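Sequence and predicted structure, then a few things I'm wondering about:
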Amino acid sequence: MTLSPAEHAAPDTPGARAVLALAWPMTIKAIFLHGTIVIDGWLVSSLGEASLAAMGLAAAIGGIVIGVVFAFAHAMQIRTAQAAGTDDPVYLKSTLVAGLAISLSIGILGIIALFLGARPLITALASGPEVAAQAWSYLVVFTLVILFESVGQCLSSYFNGRGRTRIPLYGYCLSVPINIGASVVLIHGMWGLPAFGVAGAAMGSVLGIGVQVAFFLLRLWQLDGHLAEVAGWRQGRLAPTVRRHLTFALPIATTFVSATLSTNVCILIYARMALNDFAAMTLIAPWNMVAGQIAMQWTQATGIIVAQLLGQRAAEPALNRFLSAAWHGAFVTAGFVAAVFVALTLSVDVLYPSLTAETRATLFGFLPVLLLTALPRATNAICGNTLRASGDTIYVMKLFLWSQWAFRVPATLLAVLVFELSAFWVLSIILLEELIKFWPFHSRIWAGNWKRADVSA
């Protein structure tokens, strides 16, 4: 993106430093979030491939509900940023209450759905009775994680949208040590407690996330308790306000729900691969998410600032200058992601000595795909978050739906069940999906309509 001298001279426009100020706490928090999954996988890996496969299967099914919660939380983050830009306390209160109401409803309905239908699905997909039994024991405990996350993720996104990205980070700094310590004790049975195996990993997560949510509620009351005294709702009454929030959030949430569903459907398809290949795919998935957070949180911070600038009705030159700086930062973060993947693959034998040599060799072989995916994923995410911040959510939703359900899921199905390709080629489908999205995303940004969006409604 080329800027004129006048645009470079415009004052008081956020730049890469402003993105970094928001992004670094979000990145560390996201690494903690996904890192606990990696740690759970590392702890459970000592129990063998069967236990690892059980956790992967249960996490894929429970992750569908968590994914819906996270999807609406992402919409909450953008809506809060728009409200913060207008500096309207009624708008802020309405966003907070509506977001919490929707998130809790999703969590409760999701838990009910899991108890009604998850066990037959686990039995059908598991490679054996032992894997099925362990997966169900993990999922039962994991439902409490879903309930806590319904509140925690909504509040975390609210704080992010307000620009208070350090609060969610502090919450995770409290919860992660509790999670890890409790998981070690409960998985292996220490200090006289029984060894719960795979279920112990879920129990540790419940304890850690419970502490985190309590901290978020305390900080919300301390910082924004005055919103309880603000009279009125954005749309006149609470019910229309919740409906308006839902209308805004639904395309964004649909995008993220689709991403979660397609990812978890693919994981369920991976379950039909050879045990070593499935174990490798189960281990690389959370690593892919953790490393990707370096770039993804930069792009989400970019979206927050774009939403705030649009709420302030910033001029187009200011928006151009800001996005140019943010885009350059995305290239740097993609380089960091690539470096993490290099370090990971060179350390496979040290990190996972209990796994078979075949599984470790498969993990090492993933490196070329992981390196090539980093850059297009980062730049696509800059485009997606900018368009969502401007309210161009339908276009982003359609692009994700087509790339996932018309390409990635069918391609994975054919690769695993028909052609029986190796794990390397199955993972390569993710790279191809990013390349498919590249031109539609970038051409939409270059068209420039997002700079003239009205986000005050």
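Structure's in. What do you need?

does the closest residue to Val90 other than its chain neighbours sit in a helix, a strand or a coil?
Spatially, and ignoring its direct neighbours in sequence, Val90 is nearest to Gly232 (5.2 Å; C-beta to C-beta, 6 or more residues apart in numbering). C-beta: built from backbone N, CA, C; applies to glycine. At Gly232, secondary structure determined by DSSP: H, G, I helix; E, B strand; the rest coil is coil.

Got phi/psi on Tyr352?
phi -130, psi 60 (degrees, to the nearest 10).

and it, how many neighbours?
Using other C-beta atoms under 10 Å, Tyr352 is surrounded by 20 other residues.

need the helices for the stretch 251-400 of the chain, in chain order.
275-311, 316-346, 348-351, 357-365, 367-389, 393-403 (DSSP state H, counting those that start in this stretch).

okay if I get these as CSV plus mean neighbour count, distance to Met76 and mean pLDDT?
Shown next, in CSV, are those (neighbours: other C-beta atoms under 10 Å; distance: least, C-beta to C-beta, whole Å; pLDDT from 0 to 100):
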stretch, mean neighbour count, distance to Met76, mean pLDDT
helix 275-311, 24, 12, 80
helix 316-346, 18, 21, 84
helix 348-351, 14, 35, 77
helix 357-365, 18, 35, 80
helix 367-389, 23, 12, 89
helix 393-403, 18, 13, 91
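
Of all those helices, which one is nearest Leu427?
Ranking the helices of the stretch 251-400 of the chain by their distance to Leu427 (criterion: C-beta to C-beta) puts helix 367-389 first, at 5.1 Å.

tell me what that closest one is packed against?
helix 49-86, helix 275-311, helix 316-346, helix 393-403, helix 423-447 (3 or more C-beta pairs under 8 Å, 6 or more residues apart in numbering; DSSP states H and E).

Which stretches in the stretch 1-150 of the chain count as helices?
5-9, 16-45, 49-86, 89-125, 129-161.

which other helices and strands contact the longest one?
Contact here means 3+ C-beta pairs under 8 Å, 6+ apart; on that basis helix 49-86 packs against helix 16-45, helix 89-125, helix 129-161, helix 198-224, helix 238-270, helix 275-311, helix 367-389.

Could you single out the most deeply buried of those?
helix 275-311 (a mean of 24; mean count of other C-beta atoms under 10 Å).

coming back round to it: go through the helices and strands packed on helix 367-389 and name the closest to Pro376.
helix 423-447 (4.2 Å).

from the chain's centre, how far out does the closest one sit?
Centroid separation for helix 423-447 versus its chain: 18 Å, with C-alpha atoms, centre = their mean, to the nearest Å.

Please identify the buried residues of that helix?
For helix 423-447, burial by neighbour count (16 or more other C-beta atoms under 10 Å) applies to 423, 426-431, 433-434, 436-437, 440-441, 444-445.

what is the mean pLDDT for that helix?
Helix 423-447 carries an average pLDDT of 91.

what's the answer for stretch 153-160, then?
pLDDT averaged over stretch 153-160 gives 92.

again, but for stretch 47-61
Stretch 47-61 carries an average pLDDT of 75.

Alpha carbons of it, in CSV - could you do that?
Once non-C-alpha atoms are left out, stretch 47-61 reads as follows in CSV (Å, rounded to 0.1, in the frame of the first residue of the first chain):
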residue,chain,number,x,y,z
LEU,A,47,0.6,-42.6,28.7
GLY,A,48,1.0,-43.8,25.1
GLU,A,49,-0.6,-43.3,21.6
ALA,A,50,-4.0,-44.7,22.7
SER,A,51,-4.4,-42.0,25.5
LEU,A,52,-3.2,-39.3,23.1
ALA,A,53,-5.7,-40.4,20.5
ALA,A,54,-8.5,-40.4,23.1
MET,A,55,-7.7,-36.8,24.2
GLY,A,56,-7.5,-35.7,20.5
LEU,A,57,-10.9,-37.2,19.8
ALA,A,58,-12.6,-35.8,22.8
ALA,A,59,-11.0,-32.4,22.3
ALA,A,60,-12.2,-32.3,18.7
ILE,A,61,-15.8,-33.0,19.8
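
re earlier: any idea how far the residue nearest to Val90 lies from Leu169?
Using C-beta to C-beta, to the nearest Å, one gets 33 Å for the distance from Gly232 to Leu169.

And these two? Which one has more around it.
A count of neighbours by other C-beta under 10 Å puts Leu169 above the other of Gly232 and Leu169, at 20 against 12.

and that one, what pLDDT?
87.

Next, the buried residues of the helix or strand it falls within.
Leu169 belongs to helix 166-188 when assigned by DSSP states H and E. Within helix 166-188, the residues that count as buried by 16+ other C-beta under 10 Å are 166-172, 175-176, 178-180, 182-183, 185-187.

Tell me where the model's unsure across the stretch 1-150 of the chain.
For the stretch 1-150 of the chain, the stretches with pLDDT under 70 are 1-13, 15, 31-40, 45-46, 49, 126-127.

try 50 this time
1-11 (pLDDT under 50).

follow-up on the earlier one: a markdown table please, covering the helices of the stretch 251-400 of the chain and showing distance to Val131.
A markdown table is the format used below for the helices of the stretch 251-400 of the chain (distance: least, C-beta to C-beta, whole Å):
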| stretch | distance to Val131 |
| --- | --- |
| helix 275-311 | 10 |
| helix 316-346 | 26 |
| helix 348-351 | 23 |
| helix 357-365 | 16 |
| helix 367-389 | 27 |
| helix 393-403 | 31 |
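
looking at the ones you listed, which is closest to Gly197?
Judging the helices of the stretch 251-400 of the chain by C-beta to C-beta, what sits closest to Gly197 is helix 275-311, at 16.3 Å.

Compute the distance between the residue nearest the centre of the chain and Leu174, please.
By C-alpha atoms, centre = their mean, the mean C-alpha position of the chain lies nearest to Phe70, the distance being 6.5 Å. As judged by C-beta to C-beta, Phe70 and Leu174 stand 20 Å apart.

what do you get for Gly311?
31 Å.

next one: Ser183
For Ser183 relative to Leu174 (C-beta to C-beta), the value is 15 Å.

Check Ala182 too.
13 Å.

likewise Met26?
17 Å.

got it, and Leu246?
Going from Leu246 to Leu174 by C-beta to C-beta gives 31 Å.

and if you look at Ala253?
From Ala253 to Leu174 the distance is 28 Å (C-beta to C-beta).

again, but for Glu433
36 Å.

swap in Gly210?
10 Å.

What of Trp298?
From Trp298 to Leu174 the distance is 24 Å (C-beta to C-beta).

Now stretch 187-197: buried residues?
Result for stretch 187-197 [16+ other C-beta under 10 Å]: buried residues 187, 196-197.

ends of it, how far apart?
4 Å (C-alpha to C-alpha, to the nearest Å).

Please state the offset of stretch 218-236 from the chain centre?
The mean C-alpha position of stretch 218-236 is separated from the chain mean by 27 Å, C-alpha atoms, centre = their mean.
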